[in-house]
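Peer 1: Give me a model of this one.
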Amino acid sequence: MTATCPVSSTANSKASIKILAGEIKPAVKLPGVLVVAMSGSYIIVSGIKAGGTQAQSTKAYFAAEAGLENILYQVRKENLPHTRDDISLDTPIISGDLESAGVSYKEYFTDAEPTRVFVSVGEYQSAKRSVEANF
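Peer 2: Predicted structure coming up:
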């Protein structure tokens, strides 16, 4: 009859568990690192896209402001005619391009009574912003 040594079998099983655990850790760590890296890159790319959209929006807004200043100047100083017949949301009474490439504005006369209402729409690439003046 042979006797088995419980110490040696326990030591072997512990050793095999350590080896097995050592092999699993890199297999678990690598996908975890990959998930974190991909999530971080997604957040960065989203931020870059949002920044580009914000830049377009700002240029369009300032184009609308410039157009509104232009029409207010022409109405007040140069007596630009604007009657009820000029009220339209389809046809601008003034339009123009700014010095920056692709930046433009359109001015609409939308109401005459009780106050005159002018709407300016600025455009840059895919962004459109509008401002309104009542007087």
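
Peer 1: hmm, who's touching the one helix or strand residue 109 maps to?
Peer 2: Applying DSSP states H and E as the criterion places residue 109 in strand 103-111. The contact list for strand 103-111 (CB atoms under 8 Å, 6 or more residues apart in numbering) reads 59-60, 63-64, 66-68, 70-71, 82, 86-89, 91-98, 116-124, 132. In short, each C-beta sits where N, CA and C put it, glycine included.

Peer 1: For the most centrally placed residue in the chain, which three-state class applies?
Peer 2: Closest residue to the average C-alpha location of the chain: residue 50 at 2.9 Å, with CA atoms, centre = their mean. Three-state assignment for residue 50 (DSSP: H, G, I helix; E, B strand; the rest coil): helix.

Peer 1: Pull out the buried residues from the contacts of strand 103-111.
Peer 2: 59-60, 63-64, 66-68, 70-71, 82, 87, 92-94, 98, 117-124 (16 or more other CB atoms under 10 Å).

Peer 1: Spell out the secondary structure type for residue 80.
Peer 2: coil.

Peer 1: ok now do it, which residues does it touch?
Peer 2: So residue 80 contacts 71, 74, 93-94 (CB under 8 Å, 6+ apart).

Peer 1: quick one: which two of those residues are the most distant?
Peer 2: Farthest-apart pair in the contacts of residue 80 is 74 and 93; separation 9.2 Å (CB to CB).

Peer 1: all helices for the chain, in order.
Peer 2: 6-77 (DSSP state H).

Peer 1: Show me the shaky parts of it.
Peer 2: 1-27 (pLDDT under 70).

Peer 1: cutoff 90 now
Peer 2: Along the chain, the model assigns pLDDT under 90 to residues 1-56, 70-72, 74-102, 108-118, 126, 133-135.

Peer 1: follow-up on the earlier one: could the contacts of residue 80 be laid out in a markdown table, adding distance to residue 105?
Peer 2: As requested, the contacts of residue 80 are exported to a markdown table (distance: CB to CB, whole Å):
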| residue | distance to residue 105 |
| --- | --- |
| 71 | 9 |
| 74 | 13 |
| 93 | 12 |
| 94 | 8 |
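
Peer 1: how far away is residue 57 from residue 64?
Peer 2: 11 Å (CB to CB, to the nearest Å).
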